[in-house]
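# Return atomic coordinates for the entry below.
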Amino acid sequence: ASTATADDDLLPDSARTPALRSIGRTTMMATPPIDTPAPDFDLPSDSGTNLSLKSLRGKWCVLAFAVVVYFYPKAFTAGCTCQAEAYQQDIGEFRTQNCEVVGISTNPLEKIKEFKEAYGLSFPMLSDREGAVVESYGAAIKLPFVGTFANRFTFIVDPKGVLRASFGNPDPKMDSIVSFARLMELQNPK
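Numbering: from 1, shown residues only. Next comes the predicted model:
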């Protein structure tokens with residue numbers, strides 16, 4: 001099911017379906033359903049090689065993918081910097097739980113490399129220049145005459161590649177803490 005955001009309150013019920021939604025002049029896609037295979041990706045990383053979700057199988061992942069994967073709008077902006085620094089501060093805790101954190105944006109790879117270096121980030125940062133992966137996760141914002149950008153979304157993917165949690169429009173200061181708490185719940189069900 002798609003993750004609700006504050007903007008969803010402005011939508012008529014017919015626009016809250018898992019189909020394409022439009023808000024004003026921006027278009028957003030629905031997020032993939034929880035407990036289904038996470039959309040795979042193979043994107044250029046800051047290290048100079050490509051990174052795929054398949055290569056992270058066996059680990060939890062936060063996309064910010066366990067793997068935690070998070071999508072962020074633009075490097076060097078206040079919110080994105082705060083979010084990345086929080087994940088960096090907590091990266092050791094994630095890794096002790098066999099979880100990798102991956103940041104994805106539509107920024108050019110060179111800008112991502114500069115961002116990673118400037119803030120000493122030790123987790124992979126990927127460039128989805130065409131926006132295909134951002135769209136497959138429902139984290140895309142399409143602006144007419146401007147292009148596709150990543151909206152702030154975070155996803156947790158289990159070691160088998162199954163999407164287990166998603167957070168739309170997370171508070172950049174709290175995203176790492178909330179993601180870690182949800183990871184612990186998923187790894188240690190009651």
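# The longest helix along the chain: how far from the chain's middle?
For the chain, the longest helix by residue count, based on DSSP state H, is helix 78-96. The gap between the average C-alpha position of helix 78-96 and the chain average comes to 13 Å, counting by C-alpha atoms, centre = their mean, to the nearest Å.
# Send over that helix as CSV, restricted to the C-alpha atoms.
Below are the C-alpha coordinates for helix 78-96, written out as CSV (Å, rounded to 0.1, in the frame of the first residue of the first chain):
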residue,chain,number,x,y,z
ALA,A,78,19.8,21.4,4.8
GLY,A,79,17.4,18.5,5.1
CYS,A,80,19.4,16.0,3.0
THR,A,81,22.6,16.9,4.8
CYS,A,82,20.9,16.5,8.2
GLN,A,83,19.5,13.1,7.1
ALA,A,84,22.8,11.8,5.8
GLU,A,85,24.7,12.9,8.9
ALA,A,86,22.2,11.2,11.1
TYR,A,87,22.6,7.9,9.2
GLN,A,88,26.4,8.3,9.4
GLN,A,89,26.2,8.8,13.1
ASP,A,90,24.2,5.6,13.5
ILE,A,91,25.8,3.5,10.8
GLY,A,92,27.7,1.3,13.3
GLU,A,93,24.4,0.4,15.0
PHE,A,94,22.9,-0.6,11.6
ARG,A,95,25.9,-2.7,10.7
THR,A,96,25.9,-4.6,14.0
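# Skip the chain neighbours and tell me the closest residue to residue 160.
residue 57 (7.1 Å; C-beta to C-beta, 6 or more residues apart in numbering). Every residue, glycine included, has its C-beta placed from N, CA and C.
# what residues are up against the one you found?
With contacts defined as C-beta atoms under 8 Å, 6 or more residues apart in numbering, the neighbours of residue 57 are 159-161.
# bridging residues for the residue nearest the centre of the chain?
Central residue check for the chain by C-alpha atoms, centre = their mean: the C-alpha nearest the mean position is that of residue 70, 2.2 Å away. Taking DSSP bridges, one finds residue 154 as the beta-bridge partners of residue 70.
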